[in-house]
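K.L.:
Take a look and give me a structure for this.
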Amino acid sequence: MDIGKNIAEIKDSLPPVTKLIAVTKTKSPETIMEAYRAGHKAFGENKAQELLQKFEELPKDIEWHFIGHLQSNKAKYVIPFVNMIHGIDSFKILKVVNKEAKKNDRVVPCLLQFHIAQESTKFGLDEAEAKEFLNSETFPTLKNVYIAGVMGMATFTDDHEQVRNEFRKLKNIFMWLQNDYFSGNPEFSEISMGMSDDYQIAVEEGSTMVRIGSNIFGSR
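P.N.:
So this is what the prediction gives:
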């Protein structure tokens with residue numbers, strides 16, 4: 001498995017606006033270092049304690065993205081150093097992230113995760129929930145987080161048309177939020193969608209960040 005070559009091939013296939021987040025969950029620090037030595041520095045993890053362990057062992061110029069479902073009691077482990085939280089799936093967790101970021105004197109970029117798939121096992125907000133907290137009196141008081149965009153996961157299916165429609169739905173949600181809540185705000189710019197199986201479709205539908213693991217490191 002030539003990790004450096006895999007990264008180079010994926011990056012060559014992406015438009016300049018789309019960033020590659022290499023998903024390193026369950027991968028050893030040695031494996032991550034292979035990608036790092038190949039010049040890649042943006043990595044995604046989905047478990048807080050595993051991320052903390054890797055942060056402590058690996059070079060400090062790595063850009064860490066938390067891409068999983070963040071539990072309230074685990075936020076304190078990653079907030080001191082994480083570059084972005086991709087999976088804000090409730091107002092409660094956004095408030096927890098804000099509180100921990102304040103303790104660390106940081107402002108943490110966050111993506112709102114929307115439920116766009118047909119599978120009920122996936123986390124995420126619906127438009128009504130997002131609207132409710134964005135309109136709340138509390139939201140503007142959260143000074144230690146900012147909303148940098150949206151994130152979503154498509155249904156795991158061979159039906160490419162369904163996947164495309166789900167990604168298109170996320171793009172439409174992004175445009176609605178940009179128009180109604182973040183107009184003129186350059187920080188609201190990211191659409192994190194697309195994984196190993198479907199990232200080409202995601203890119204065609206406007207993804208600015210793809211989260212890819214097995215195409216780089218091989219399947220678990």
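
K.L.:
and for stretch 118-127, what are the contacting residues?
P.N.:
Judged by Cβ atoms under 8 Å, 6 or more residues apart in numbering, the contacts made with stretch 118-127 from elsewhere in the structure are 69, 87, 89-90, 112-116, 152-153, 155-156, 162, 173, 176. The way it works is simple: take the backbone N, C-alpha and C, and place the C-beta from them, glycine included.

K.L.:
and the gap between the residue in the chain sticking out farthest from the centre and Phe66?
P.N.:
Computed with Cα atoms, centre = their mean, the maximum C-alpha offset from the centroid of the chain is found at Glu137, amounting to 26.2 Å. From Glu137 over to Phe66 the distance is 27 Å, taken as Cβ to Cβ, to the nearest Å.

K.L.:
Let me see the ranges of the strands in the chain.
P.N.:
Listed in chain order, the strands found in the chain under DSSP state E are 19-23, 42-45, 63-66, 84-88, 108-114, 145-152, 190-192, 209-212.

K.L.:
Taking the centroid of the chain, which residue is nearest it?
P.N.:
For the chain, the residue whose C-alpha lies nearest the mean C-alpha position (Cα atoms, centre = their mean) is His86; its distance is 3.0 Å.

K.L.:
pretty sure it is touching Pro109, no?
P.N.:
No: with contact defined as Cβ atoms under 8 Å, His86 does not reach Pro109; the gap is 9.7 Å.

K.L.:
Output the helix ranked longest in the chain in CSV, but only the C-alpha positions, please.
P.N.:
Here the longest helix in the chain is taken by residue count, with DSSP state H as the criterion, and it is helix 160-180. Once non-C-alpha atoms are left out, helix 160-180 reads as follows in CSV (Å, rounded to 0.1, in the frame of the first residue of the first chain):
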residue,chain,number,x,y,z
HIS,A,160,-25.7,7.0,-7.5
GLU,A,161,-28.7,9.1,-8.3
GLN,A,162,-30.0,8.8,-4.7
VAL,A,163,-26.5,9.8,-3.4
ARG,A,164,-26.4,12.7,-5.8
ASN,A,165,-29.8,14.0,-4.7
GLU,A,166,-28.7,13.8,-1.1
PHE,A,167,-25.6,15.8,-1.7
ARG,A,168,-27.6,18.2,-3.7
LYS,A,169,-30.0,18.6,-0.7
LEU,A,170,-27.0,19.5,1.5
LYS,A,171,-25.8,22.0,-1.0
ASN,A,172,-29.3,23.6,-1.0
ILE,A,173,-29.2,23.7,2.8
PHE,A,174,-25.8,25.4,2.6
MET,A,175,-27.2,28.0,0.2
TRP,A,176,-30.3,28.6,2.3
LEU,A,177,-28.2,29.2,5.5
GLN,A,178,-25.7,31.4,3.6
ASN,A,179,-28.6,33.5,2.3
ASP,A,180,-30.7,33.7,5.5
